[in-house]
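Engineer: Sequence and predicted structure below; questions after.
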Amino acid sequence: MDTFKNQTTQSKVNALIFNFIIQDVQSFSLLEQPAFRNLIEGISGGKTVMCRKSLMRRIEDGFLAMKEKLIEKLQTVSYVCTTADIWTAHNRSFFGMTCACARIKGRHTYDVIAEKIQQIHEMFNIERKVQATFTDNGSNFVKAFREFGPREEVEEGGQMAMKMLGLRMSVPFLMGKRCASHTLNLIASKDLERAVSQGATRKLFYSAMAKCSAIWNKAHRSPLAAEAVEEIMKMKLIIPCVTRWNSEYNAVQKIVSLTDAQLAEVCERLAVPKLLANELAFLNEYAEVLKPLASLQTLNKRLSDKKPHVRFFSEVIETVINAIDSRFQKWFSSREAKLATASSPQFRLWWLPEKEKEDVLRMLVAEALKMEPAVNTTAAAPASSDSGEEDFFSYAMVATPQRKVQVLLLRYNSKIATVAVE
């Protein structure tokens with residue numbers, strides 16, 4: 001210990017305290033606690049603990065250094081995809097992006113959002129590299145990209161002067177995309193609720209969900225109830241959270257995974273109404289029909305396949321299929337989305353109907369031909385390998401150099417990189 005004390009410098013102690021506070025998200029007031037100060041001074045051989053003001057200065061310096069490193073790193077890439085979100089905590093609003101997080105003051109209106117996105121893009125020198133910015137389906141985000149997005153009669157990437165609240169702001173067009181995971185969540189919540197709240201399933205849906213809610217509420221509000229459930233289930237119960245996508249589905253799935261004896265004991269210990277046989281059958285069908293899948297095309301097909309075999313969810317399945325077609329119509333017809341998927345090693349062309357494969361293949365080759373130097377269509381395709389990541393670069397009989405397809409992969413997948421379904 002004496003050797004350690006002798007080798008420890010004040011700068012080393014300061015660095016260790018700084019890392020401890022930041023990495024473990026400790027309160028700054030910890031620096032002023034007598035016990036903490038005594039601990040550091042005792043094990044460091046009398047070295048002192050920095051004050052809160054010194055810590056704040058170090059945080060500011062560290063932020064600026066990290067920002068410069070990010071800017072340097074972003075200069076090495078050609079294409080960037082960003083995400084944007086707004087949240088409120090302790091009466092303060094924050095605007096978060098994949099490259100930045102900043103305070104946002106005042107109302108979260110579409111013009112404030114558009115200006116903040118542009119400021120952050122310019123701050124990191126990526127305004128000409130951003131292929132798309134992904135957001136949720138909130139009306140303020142949707143309007144920001146509708147008002148400040150590209151017009152068909154103006155070339156993409158051009159400049160447009162915008163008049164907002166008496167101010168003029170010249171910004172490149174904002175390319176907005178809606179997050180597929182959030183859109184699927186709307187289908188599984190809003191559209192589903194509309195479907196099951198009508199017709200024969202209405203009463204059954206509300207009675208089954210009311211009993212599930214009784215279990216969730218008891219387990220959430222009472223530590224004793226939560227311990228009882230964990231003792232019976234040998235695992236924690238999932239409680240739905242309105243801000244966490246798929247949480248209600250996961251919570252229902254957890255309940256139907258219990259044996260009849262376990263579920264009966266849970267209801268008895270928590271003193272809540274027991275689920276009836278038809279309610280359990282309904283919830284099992286709910287979990288099976290709405291099981292999240294990685295591909296929307298596969299989701300549509302599997303839902304259609306399930307329709308003849310369900311008791312309660314026939315109309316619900318039809319509603320979900322229609323909602324998928326409606327909410328994802330732009331994605332299904334998007335040229336960019338097709339090119340992004342076709343250039344991906346995980347998908348290539350297998351997911352397309354036969355009649356569309358040739359069209360997408362022609363689009364892919366046409367994009368490669370636009371790149372310099374021109375593609376030599378007589379060049380040999382890369383040798384096949386076991387990796388799969390390289391095999392996909394050979395499309396039908398057209399030999400496209402590996403590097404060009406890699407660039408297409410980066411360019412178009414940066415436009416849809418954040419829409420993968422959770």
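Structural biologist: Yep, it's here.

Engineer: Now the closest residue to Glu32 other than its chain neighbours, what are its backbone angles?
Structural biologist: The spatially closest residue to Glu32, leaving aside those adjacent along the chain, is Arg52, at 6.7 Å (C-beta to C-beta, 6 or more residues apart in numbering). C-beta: built from backbone N, CA, C; applies to glycine. Backbone geometry at Arg52, expressed as degrees, to the nearest 10, gives phi -60, psi -40.

Engineer: Tell me where this protein has strands.
Structural biologist: Counting by DSSP state E, the segments of the chain that form strands are 80-89, 92-97, 100-103, 130-135, 159-164, 167-172, 176-178.

Engineer: and the residue nearest to Glu32, how many neighbours does it have?
Structural biologist: By the criterion of other C-beta atoms under 10 Å, Arg52 has 12 neighbours.

Engineer: ok, it - contacts?
Structural biologist: The contact partners of Arg52, by C-beta atoms under 8 Å, 6 or more residues apart in numbering, come to Phe28, Ser29, Leu31, Glu32.

Engineer: domains for this structure, by residue range?
Structural biologist: Domain ranges of the chain: 2-71, 77-178, 181-327, 334-413, per automatic domain parsing.

Engineer: now the third one: mean pLDDT?
Structural biologist: Per-residue pLDDT over domain 181-327 has a mean of 81.

Engineer: Tally up the residues packed near Lys236, please.
Structural biologist: Neighbours of Lys236 under the rule other C-beta under 10 Å: 11.

Engineer: picking that back up, which of the strands of the chain comes out lowest on mean pLDDT?
Structural biologist: For those, mean pLDDT drops lowest on strand 159-164, to a mean of 36.

Engineer: and which of the contacts of Arg52 is nearest Leu64?
Structural biologist: Phe28 (18.8 Å; C-beta to C-beta).

Engineer: That closest one contacts Arg58, doesn't it?
Structural biologist: No - Phe28 lies out of contact with Arg58 (C-beta atoms under 8 Å); the separation is 11.3 Å.

Engineer: who's more crowded, these two?
Structural biologist: More neighbours surround Arg58 than the other of Phe28 and Arg58, with 17 against 13 (other C-beta under 10 Å).

Engineer: Check the more buried one and give its pLDDT.
Structural biologist: Per-residue confidence (pLDDT) for Arg58: 93.

Engineer: For it, which non-adjacent residue is spatially closest?
Structural biologist: Nearest residue to Arg58 in three dimensions, chain neighbours excluded: Phe18, at 5.4 Å (C-beta to C-beta, 6+ apart).

Engineer: quick one: contacts for that neighbour?
Structural biologist: Residues in contact with Phe18 (C-beta under 8 Å, 6+ apart) are Met50, Leu55, Arg58, Ile59, Gly62.

Engineer: Now distance to Trp87 too, for these, in CSV please.
Structural biologist: Below are these laid out as CSV (distance: C-beta to C-beta, whole Å):
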residue, distance to Trp87
Met50, 31
Leu55, 25
Arg58, 26
Ile59, 21
Gly62, 23
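
Engineer: And those residues, which of them are buried?
Structural biologist: Neighbour-count burial (16 or more other C-beta atoms under 10 Å) applied to the contacts of Phe18 gives Met50, Leu55, Arg58.

Engineer: With distance to Glu230 as extra columns, can I get those residues in a markdown table?
Structural biologist: Below are those laid out as a markdown table (distance: C-beta to C-beta, whole Å):
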| residue | distance to Glu230 |
| --- | --- |
| Met50 | 42 |
| Leu55 | 39 |
| Arg58 | 42 |
